[in-house]
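Chemist: the following block contains a protein sequence and its predicted model.
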Amino acid sequence: MKMALLHVSSLNVGYNSLNVLTDVSLEVEAKTQVVLLGANGSGKTTLLKSLIGLLPVRSGHILLDGQDIVRWDPSRRVRAGLAYLSETGVIASLSVEDNLNIGGYYLPRGLRRQQMHSLYQQLPMLYEKRKNAASSLSGGQRKILAFAKVLMGQPRLILMDEPSAGLAPVMVNEMVQILNTYRSHGPAFLIAEQNIKFLVGAKYVYILDNGQIRFQGTPEDLDADAHIKAAYFGLA
Ligand code: ATP
């Protein structure tokens, strides 16, 4: 059997005496989008932070390309192709272009230019604002910049923490659309969300509830599961 790009098994994570994640297992295949749905406090951020190495795990394994990275520090995980996209991904005082340059810091210069060029083509707003300070962008534009900054590093798997947080519905739709353009090519995504709009391009869905995976399947499986839909989304 082909090994997934990311293979997480029986992960247990907590803070002091509090156990937050219990035996969490999941997989993300290369170039696919996987959505991790969960309400506030279900443990999504805790999971993403432990995957990137910002939180120690109590037990379990995190395999990237079959190699256990569970004891690696965050910078080594980033060099291996993981990226964590949080809400505070941009440096407000720097220009849009300088933020992108920082994102591509590890790339050789020629490749960095090329990557910036292709991002400017995909996200023309960034080209128009390239000389402006990131602080002058709207909240939604800043999120797009944070996303582009992470893409500059050409990661293989992007861990996205609630891209919809704080966004107006129209910007949420734009974010969904942007993600859709990366469907089936480009990096893989693990998207932690509460908003089911992000299921559009997803290959697979996990529902995290109180630190445990309660459902896994395709978006179609989820749609067909009246019990789960009623329990988690109030949809009959
Ligand atoms: P949200 O969408 O609100 O960020 P989440 O699904 O990302 O929610 P987490 O932030 O991972 O959830 O929180 C899961 C649980 O861990 C919650 O009960 C929270 O109170 C607890 N928790 C989170 N961070 C800490 C911390 N630094 N110390 C102690 N407990 C924490």
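Modeler: Right, received. Where do you want to start?
Chemist: need the residues of this structure near the ligand, please.
Modeler: Applying Cβ under 6 Å from any ligand atom, we find that the chain lies next to the ligand at 15, 18, 20, 38, 40-46, 162. (C-beta placed from N, C-alpha, C; glycine too.)
Chemist: tell me the bridge partners for the residue nearest in space to the middle of the chain.
Modeler: The residue lying closest to the centre of the chain (Cα atoms, centre = their mean) is Met160, at 2.0 Å. Beta-bridge partners recorded for Met160 (DSSP bridges): Leu85, Ile191.
Chemist: separation between it and Ser75?
Modeler: To Ser75, Met160 is 20 Å away according to Cβ to Cβ, to the nearest Å.
Chemist: repeat for Pro187
Modeler: In terms of Cβ to Cβ, Pro187 sits 18 Å off from Ser75.
Chemist: buried sites along stretch 116-135?
Modeler: The neighbour-count check on stretch 116-135 (16 or more other Cβ atoms under 10 Å) flags 116, 119-120, 123, 125-126, 129, 134 as buried.
Chemist: so how far is that stretch off the chain centroid?
Modeler: 21 Å (Cα atoms, centre = their mean, to the nearest Å).
Chemist: contacts for that stretch next, please.
Modeler: Contacting residues not belonging to stretch 116-135 are listed as 90-97, 99-101, 104, 136-137, 141-142, 144-145, 148, 151-152, 178, 181 [Cβ atoms under 8 Å, 6 or more residues apart in numbering].
Chemist: that older thread, tell me the contacts of the residue nearest to the centre of the chain?
Modeler: Going by Cβ under 8 Å, 6+ apart, Met160 touches 48, 85, 147, 189-192.
Chemist: counting neighbours, go ahead and name the busier of Pro187 and Ser75.
Modeler: Using other Cβ atoms under 10 Å, the more surrounded residue of Pro187 and Ser75 is Pro187, with 21 against 9.
Chemist: just confirm the more buried one contacts Ile158, I think it does.
Modeler: Yes: here Pro187 reaches Ile158: they are 5.3 Å apart, a contact under Cβ atoms under 8 Å.
Chemist: overlap in contacts, those two.
Modeler: With contacts defined as Cβ under 8 Å, 6+ apart, the residues shared by Pro187 and Ile158 are 83, 151.
Chemist: tell me which residues touch the closest residue to Lys203 other than its chain neighbours, please.
Modeler: Spatial nearest neighbour of Lys203, excluding adjacent residues (Cβ to Cβ, 6 or more residues apart in numbering): Thr32 at 4.2 Å. If a contact means Cβ under 8 Å, 6+ apart, then Thr32 has 184, 188-189, 203-204 as its contacts.
Chemist: for those residues, which single residue is the most surrounded?
Modeler: Neighbour counts for those (other Cβ under 10 Å) peak at Phe189, which has 26 neighbours.
Chemist: phi, psi for the residue lying closest to that residue once chain neighbours are set aside please.
Modeler: Leaving aside its sequence neighbours, Phe189 sits nearest to Gln33 (Cβ to Cβ, 6+ apart; 4.5 Å). Backbone geometry at Gln33, expressed as degrees, to the nearest 10, gives phi -110, psi 120.
Chemist: what ranges do the helices span in the protein?
Modeler: 44-52, 74-79, 96-103, 109-122, 124-128, 139-152, 169-181, 219-224, 226-233 (DSSP state H).
Chemist: return the set of buried residues in the third one.
Modeler: What that stands for is helix 96-103. Across helix 96-103, burial judged by 16+ other Cβ under 10 Å covers 96-97, 99-101, 103.
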